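[1] Model the following, please.
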Amino acid sequence: MTVYFIGAGPGDPELITVKGQRLIRQCPVIIYAGSLVPPAVLEGHTASTLINSAELHLEQIIGAIRDAHDKGLDVARVHSGDPSLYGAIGEQIRHLRELGIDYQIIPGVTATAASAALLGCELTLPDISQTVILTRYGERSPMPAGEQLADLARHRSTLAIHLGVRHLPRIVEELLPHYGADCPVAVIHRATWPDQDWVRGRLADIVEGVANKGFRRTALILVGHVLGDAPFADSALYRAGHAHLYRPAD
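    Residues are numbered from 1 along each chain as shown. I've put the predicted structure just below:
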């Protein structure tokens with residue numbers, strides 16, 4: 001018996017791995033995050049037990065997994081996005097290890113990757129930014145030491161900020177000293193869902209743009225000059241004269 005932590009992707013039911021889809025259709029027990037995973041992701045399943053974890057607390061989820069384990073039934077534990085990022089699987093894994101229950105993690109498409117695709121941009125450009133920092137805005141629970149937004153902003157790298165749209169004015173205030181008022185920003189609401197929407201702007205005007213859209217939750221904030229039109233060099237990988245294993249020098 002194995003518990004499969006499956007990344008369902010950001011919303012579009014086609015943005016799931018072949019392996020993840022196969023396991024959802026095969027596992028006799030499915031526990032899914034109903035508040036974030038669209039029903040279409042579960043289409044074709046043959047599970048005899050279907051449980052919406054949005055209605056449960058941790059102990060109840062572990063109890064359902066323990067029941068499946070006692071019956072020798074594999075479990076598809078379906079999370080949105082990629083389960084290793086803000087998926088709260090660490091606490092579940094801790095219990096599974098204590099119970100001696102096997103598990104595997106099946107990666108999924110992140111909201112950050114989906115948002116970059118919607119915007120038609122690359123998040124790492126030569127001369128602009130070669131680093132992407134994925135973080136959240138620490139309002140309900142504190143961030144670890146050294147991970148306050150101002151600490152991360154000092155790097156001036158590409159930022160992907162989760163769970164922060166309701167605090168956008170405060171976020172902008174913390175970013176301005178490091179990125180400048182003209183730094184491009186995009187706020188993407190429910191990326192790849194049927195009602196997806198987004199707004200692009202600068203740190204100087206993004207608060208007004210988001211207020212006009214009315215985004216209040218389920219939105220990702222992308223910050224960085226890779227979103228703008230700053231000049232950058234071609235990558236070395238495809239540069240003529242650059243030799244590597246698959247393209248030897250002439």
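
[2] quick one, domains of this structure?
    The chain breaks down by automatic domain parsing into domains covering 2-106, 111-227.

[3] For A236, which of the ones you listed is the nearest?
    When the domains of the chain are compared by CB to CB, domain 111-227 sits nearest A236, at 8.0 Å. Where you see a C-beta, it was placed from the backbone N, CA and C, and this is true even at glycine.

[4] what is the rounded mean pLDDT of that closest one?
    Average pLDDT, domain 111-227: 94.

[5] So I51 belongs to a helix, correct?
    No. Judged by DSSP: H, G, I helix; E, B strand; the rest coil, I51 forms no part of a helix; its state is strand.

[6] Test my guess that it contacts I31.
    Yes. I51 lies in contact with I31 (CB atoms under 8 Å); the separation is 4.6 Å.

[7] still on that earlier bit, can you redo the domains of the chain as JSON lines with distance to Y238 and mean neighbour count?
    Below are the domains of the chain laid out as JSON lines (distance: least, CB to CB, whole Å; neighbours: other CB atoms under 10 Å):
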{"stretch": "domain 2-106", "distance to Y238": "27", "mean neighbour count": "18"}
{"stretch": "domain 111-227", "distance to Y238": "11", "mean neighbour count": "17"}
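
[8] residues touching H225, list them.
    Applying CB atoms under 8 Å, 6 or more residues apart in numbering, one finds that H225 lies in contact with I128, S129, Y179, C183, P184.

[9] And these, which is closest to A150?
    Y179 (11.3 Å).

[10] Could you pull up the residues touching the closest one?
    Contacts of Y179 (CB under 8 Å, 6+ apart): A153, R156, L203, V223, G224, H225.

[11] go on, R77?
    Here R77 is in contact with V3, Y4, F5, I6, I31, Y32, S53, I65, P83, I89, Q92 (criterion: CB under 8 Å, 6+ apart).

[12] Distance of it relative to A230?
    42 Å (CB to CB, to the nearest Å).

[13] Check L15 too.
    Distance from L15 to A230, counting by CB to CB: 29 Å.

[14] just W193 next, same as before
    Taking CB to CB, one finds W193 at 31 Å from A230.

[15] And for V37?
    From V37 to A230 the distance is 37 Å (CB to CB).

[16] Surely S48 is in contact with I30?
    No. Look at S48 against I30 with CB under 8 Å: they stay out of range, at 9.5 Å.

[17] and the nearest residue in space to A153 that is not next to it in sequence, what element?
    Using CB to CB, 6 or more residues apart in numbering and skipping the chain neighbours, the partner closest in space to A153 is H178 (4.0 Å). Assessed by DSSP states H and E, H178 sits inside helix 168-179.

[18] helices and strands around the next helix or strand after that helix, which ones?
    Once helix 168-179 ends, the next helix or strand along the chain (criterion: DSSP H and E) is strand 184-189. On a contact count with 3 or more CB pairs under 8 Å, 6 or more residues apart in numbering; DSSP states H and E, strand 184-189 meets helix 111-119, strand 197-202, helix 206-213, strand 219-223.

[19] Could you take those and lay them out as CSV, with extra columns for distance to H57?
    Below are the helices and strands packed on strand 184-189 laid out as CSV (distance: least, CB to CB, whole Å):
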stretch, distance to H57
helix 111-119, 25
strand 197-202, 32
helix 206-213, 32
strand 219-223, 26
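
[20] Which of the ones you listed sits closest to I161?
    Per CB to CB, nearest to I161 of those: strand 219-223, 4.1 Å.

[21] returning to that earlier point: using CSV, write out the CA atom coordinates for the helix holding H178.
    The C-alpha coordinates for helix 168-179 follow below in CSV (Å, rounded to 0.1, in the frame of the first residue of the first chain):
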residue,chain,number,x,y,z
LEU,A,168,-0.3,44.3,-1.7
PRO,A,169,0.1,48.0,-0.5
ARG,A,170,2.4,46.8,2.3
ILE,A,171,4.3,44.5,-0.1
VAL,A,172,4.9,47.3,-2.5
GLU,A,173,6.1,49.5,0.3
GLU,A,174,8.7,46.9,1.3
LEU,A,175,9.9,46.3,-2.3
LEU,A,176,10.2,49.8,-3.5
PRO,A,177,13.6,50.6,-1.8
HIS,A,178,15.1,47.6,-3.6
TYR,A,179,13.4,47.3,-7.0
